[in-house]
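# Provide a 3D model corresponding to the input given below.
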Amino acid sequence: MKKIITLFCLQFFLFAQAQEYSSSNIHSHNDYESKLPFYGAYSNETGVIEADVFLVNNELFVAHTSKEIAAHNTLKSMYLEPLSSKLKTLEGKAYPSGKPLILMIDIKSDADATLKVIAQQLKTFPDIISNKNIKVVISGNRPLPSKWNEYPDFIYFDGRLNENYTPDQLARVEMISEDLKEITVWNGKGVLTQADSEKIQAIIKKVHNQNKKVRFWATQDNVNTYMTLMNLKVDFIGTDKVTELTQFINNIKTTFYQNTEFHQAYVPKNAFKSKRPKNVILLIGDGMGLTQIYSGYTANKGQLSLFNIPTQGFSITKASDSYITDSAAGATAMATGHKTNNRFISVDEQGKPLELITQQLIKKNYKTAIISAGNITDATPAAFYAHQPERSLSEPIANDFLANPSDILIGGGQNEFKSRKDGKDLSKVLIEKGYTFSDSFASLDTIKNNRFVVLEDKAVVSMKNGRGDFLTKSLAKATSTFSKTKNPFFIMAEGAQIDYGGHQNNVEYVVREMLDFDKLVGQAMEFVDKNPETLLIVTADHETGGLSLIDGSIEKGYVHGSFSTNDHTAVPVPVFAYGPGADKFMGVYQNTAIYHKIMELLSAK
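Residues are numbered from 1 along each chain as shown. Below is the predicted model of the structure:
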């Protein structure tokens, strides 16, 4: 079969190329039709500001058609005077940052007559025509290239592909422009065909070989077009949405990620004859929706342990008082089997404590562990040991651990236990109760006690900032500790910072946390294969960021995302289950059902 090469072949280079783009590459198309002519584009430090002009009674009017000419809309009042004023304020700089500016004047009336008046008016603004950071470029109806030498040298021209220039004429060409519709029928959706892509690349190469910049007009004004033009290394991108395009370019550093560290996905090996589990491992990827998962799959070149789990379902995350849940209500649903209000930690809508899954299992001689790659008093882990009507009550939440203790507690948040405003030192109380307490994660391997609390804020920084194998080491310590007893166990481990990346709208943050969480998933799957009486459940409390993927490459391991919010969304989240009883987690159900399914399986042993 003939290999079809599309524009995606280019997109691996987007990140490196995009770093070279700034608002200087933006062409404010028909700027005079914007809500705030000149000033809107100028405030974004746009590279090219375009004004169409008509010569009427020796005056230059700015308008799209002759019928739209208004007496007050002159080139002088709308562009030359405001620009001159800015130059005086900035002591000669075109922009505060020092970036260059091109004022493109697109002539709609007679070329020679209009350009002569343009030159005359410009001469009355010496601060503009003498400024090295400003160029005036004539487009539209232009004089013949053979006449260009009749005009002042502060006038430059917008060249065309089908025009041949002498060296002197080429020196007056600032850029070469063409109607994209003359080259391709591509409508800005999907990708260019191989033939059209090669044709456009050849045009751009020819222009760049002349040391000139290239621009296409009649381009679509959408994200896919912006990305395509950047991939092609087009110098100026035309838009009527200057602010939106500026934000898109500025955000590329946080919405694009090229992965460089890949891991091997774990492949499950067990069929599980037993239908009833003895142990349960619940892994919660905070903020982890299907897109976050697929971004990790893409960045890891098409490998994800999570995607090798054969049983899946969906959890509906709605809170009692809100269409969109927060982590407190979402985790409470899984920890207690009850919906509650946002910000509530394992209490009902009236603030009455709800019995926790850990409390119930401890009564049945279960060993329990709570692990988080964030602060242990944050909403998700707190919901498995605390009862509070407000998630921000960190010290009362920590104090609740004394009443509802698990055998193992690992995360950040040592200050909530040791350096409290109320003067209590919970670490001493825990030691008196027989716990080992440490505020150094490095001590984890040396702990011999089967009941311990390890809390260190420095150990739960982001993956980008060097957290390392915190989650996998913590789970390994918990399972090895519990395996030394005959008791069944329940472990909840949270990948807390997938959520943080979503709140920050940072794709790298999301992907690196997702991949770290997937390593935890793979480790848990391997444990289940070696200990087939264990049920593994992997899910999320909610999705964060409204993440969508607008580009990516499984072959190259990069993703380009777009966020719709910096908060949570209401979309259902996946549930993956592996081990005895996994089939119970198929289907679509409320998040409270996760609790009920676990308890049903364990109580029926």
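# Every contact and neighbour count from this point should use C-alpha atoms.
OK.
# Centre of the chain to the helix or strand harbouring K205, how far?
Element membership for K205 (DSSP states H and E) is helix 194-209. Here helix 194-209 is found 31 Å from its chain centre; the criterion is C-alpha atoms, centre = their mean, to the nearest Å.
# Equivalent analysis for stretch 250-262, please.
The answer for stretch 250-262 is 9 Å, by C-alpha atoms, centre = their mean.
# To what extent is the residue nearest to N375 when sequence neighbours are not counted buried, counted in neighbours?
Closest residue to N375 apart from its sequence neighbours, by C-alpha to C-alpha, 6 or more residues apart in numbering: G412 at 4.2 Å. Taking other C-alpha atoms under 10 Å as the criterion, the count of residues near G412 is 26.
# Contact partners for G412?
Contact analysis of G412 by C-alpha atoms under 8 Å, 6 or more residues apart in numbering lists S372, A373, G374, N375, I376, L455, E456, D457, K458, A459, V460.
# how big is the angle separating the very next helix or strand once past the helix holding K205 from helix 194-209?
Per DSSP H and E, the first helix or strand lying C-terminal to helix 194-209 is strand 213-217. Relative orientation of strand 213-217 versus helix 194-209 (axes from the mean of the first three to the mean of the last three C-alpha atoms, to 10 degrees): 140 degrees.
# Which strands or helices does strand 213-217 pack on?
strand 173-179, helix 194-209, strand 237-239 (3 or more C-alpha pairs under 8 Å, 6 or more residues apart in numbering; DSSP states H and E).
# distance between the helix or strand following that strand and the chain's centre?
Next helix or strand after strand 213-217 toward the C-terminus (DSSP H and E): helix 223-231. Chain-centre distance of helix 223-231: 18 Å, with C-alpha atoms, centre = their mean.
# Next: stretch 57-65.
Distance, centroid of stretch 57-65 to centroid of chain: 45 Å (C-alpha atoms, centre = their mean).
# buried ones in it?
E59, L60, F61, V62, A63, H64 (16 or more other C-alpha atoms under 10 Å).
# before we move on, what about stretch 314-323?
F314, S315, I316, T317, K318, A319, S320.
# Identify the farthest-apart pair in these.
Using C-alpha to C-alpha, the two most remote members of the buried residues of stretch 314-323 are F314 and S320, lying 18.5 Å apart.
# re the thing from before, take the contacts of G412 and write them to CSV, including secondary structure.
Formatted as CSV, the contacts of G412 follow (DSSP: H, G, I helix; E, B strand; the rest coil):
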residue, secondary structure
S372, strand
A373, strand
G374, strand
N375, strand
I376, coil
L455, strand
E456, coil
D457, helix
K458, helix
A459, helix
V460, helix
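# And those, which is closest to Q359?
Closest to Q359, out of all of the contacts of G412 and judged by C-alpha to C-alpha, is I376, at 17.6 Å.
# Contact partners for that closest one?
A382, L409, I410, G411, G412, G413, L455.
# From those residues, keep the buried residues only.
The buried subset of those (16+ other C-alpha under 10 Å) comprises A382, L409, I410, G411, G412, G413, L455.
# hmm, back to that, give me whichever of the helices and strands packed on strand 213-217 is most buried.
strand 237-239 (a mean of 25; mean count of other C-alpha atoms under 10 Å).
# any weak-confidence spans in the stretch 301-450 of the chain?
Within the stretch 301-450 of the chain, no range satisfies pLDDT under 70.
# Tell me where it has helices.
With DSSP state H, counting those that start in this stretch, the ranges of helices along the stretch 301-450 of the chain come out as 327-336, 357-363, 379-382, 394-403, 415-418, 426-432.
# Identify whichever of those helices lies nearest to R276.
helix 357-363 (15.5 Å).
# what does that closest one contact?
Contacts for helix 357-363 (C-alpha under 8 Å, 6+ apart): A335, T336, K367, T368, F384, Y385, N404, S406, F490, Y595, M599.
# how close does the residue nearest to the fifth one when sequence neighbours are not counted sit to N164?
Leaving aside its chain neighbours, F384 sits nearest to A335 (5.6 Å; criterion: C-alpha to C-alpha, 6+ apart). Plainly put, A335 is 74 Å away from N164 if you go by C-alpha to C-alpha, to the nearest Å.
# And T311, by the same measure?
Relative to N164, and taking C-alpha to C-alpha, T311 is found at 65 Å.
# Which of those two has more residues huddled nearby?
Set T311 next to N164 and count neighbours by other C-alpha under 10 Å: T311 wins out with 18 against 11.
# correct me, but the more buried one touches F576?
Yes. Contact criterion C-alpha atoms under 8 Å: T311 and F576 qualify, at 5.8 Å.
# what is in contact with these two at once?
Joint contacts of T311 and F576 (C-alpha under 8 Å, 6+ apart) are F585.
# if we can go back for a sec, which strands and helices lie in contact with the helix holding K205?
Taking 3+ C-alpha pairs under 8 Å, 6+ apart as the contact cut, helix 194-209 packs with strand 213-217.
# Which one of the contacts of I376 is nearest to I345?
A382 (6.9 Å).
# quick one, what contacts that closest one?
Contact partners of A382, counting by C-alpha under 8 Å, 6+ apart, are I345, I376, I397.
# Please apply the same query to D567.
G502, H503, T544, G545, G546 are the contacts of D567 under C-alpha under 8 Å, 6+ apart.
# Just give me the neighbour total for the fourth one.
Spelled out, that is G545. Counted with other C-alpha under 10 Å, G545 comes out at 26.
# Tell me which residues touch it, please.
G502, H503, N505, F563, S564, T565, N566, D567, H568, T569.
# The last one touches F563, doesn't it?
To tie it back to what came earlier, the one meant is T569. No. Counting by C-alpha under 8 Å, T569 sits too far from F563 to count as a contact (10.9 Å).
# joint contacts of the two?
In contact with both T569 and F563: G545, G546, using C-alpha under 8 Å, 6+ apart.
# between these two, which one's more packed in?
Taking neighbours as other C-alpha under 10 Å, T569 and F563 compare with T569 leading, 22 against 19.
# how far away is the more buried one from N375?
22 Å.
# For the residue lying closest to Y558 once chain neighbours are set aside, give its distance to S564.
In space, and not counting its chain neighbours, Y558 is closest to Q258: 4.2 Å by C-alpha to C-alpha, 6+ apart. Q258 is 21 Å from S564, where distance means C-alpha to C-alpha.
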